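**Q** no sequence on this one, just coordinates:
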């Protein structure tokens, strides 16, 4: 069984924001958005590359808990 990987390449503006130390919260939110996109596409993993194709981070897509209406 193959595993689908969602690959995201940043543009230059996103790359500059990622490199700023005071943007830690933005990084976490950005990574969460990429993970959401990967989940929506049915992928098992995601990777984020900077604008020059260097690997910045990778991770497993977590499954959201299913809610049952009461």
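**A** Now that the structure is in, tell me what you want to look at. Predicted, not measured: the structure shown is a model, and the values here were computed from it.

**Q** ok, the residue nearest the centre of the chain to residue 44 distance?
**A** The chain has residue 34 as the residue nearest its centroid, 3.0 Å off, counting by Cα atoms, centre = their mean. As for residue 34, its distance to residue 44 is 14 Å (criterion: Cβ to Cβ, to the nearest Å). Where C-beta positions appear, they are placed from N, C-alpha and C, glycine not excepted.

**Q** just residue 21 next, same as before
**A** Separation of residue 21 from residue 44 (Cβ to Cβ): 31 Å.

**Q** likewise residue 9?
**A** Distance from residue 9 to residue 44, by Cβ to Cβ: 19 Å.

**Q** next: residue 14.
**A** 24 Å.

**Q** returning to that earlier point: neighbour-wise, which of residue 21 and residue 44 wins?
**A** Set residue 21 next to residue 44 and count neighbours by other Cβ atoms under 10 Å: residue 44 wins out with 15 against 6.

**Q** surely the more buried one and residue 5 touch.
**A** Yes: between residue 44 and residue 5 there is a contact at 7.2 Å, judged by Cβ atoms under 8 Å.

**Q** which residues touch residue 47?
**A** 5-8, 55, 57-58 (Cβ atoms under 8 Å, 6 or more residues apart in numbering).

**Q** how about it, secondary structure?
**A** strand (DSSP: H, G, I helix; E, B strand; the rest coil).

**Q** quick check: beta-bridge partners of it?
**A** residue 7, residue 58 (DSSP bridges).

**Q** and it, how far from residue 33?
**A** 14 Å.

**Q** if we can go back for a sec, please identify the helix or strand for the residue nearest to the centre of the chain.
**A** Here residue 34 is covered by helix 24-40, with elements defined by DSSP states H and E.

**Q** swap in residue 18?
**A** Per DSSP H and E: helix 12-19 holds residue 18.

**Q** what about residue 61, neighbour count?
**A** The burial count for residue 61: 22, using other Cβ under 10 Å.

**Q** thought it was touching residue 32?
**A** No: Residue 61 lies out of contact with residue 32 (Cβ under 8 Å); the separation is 11.0 Å.
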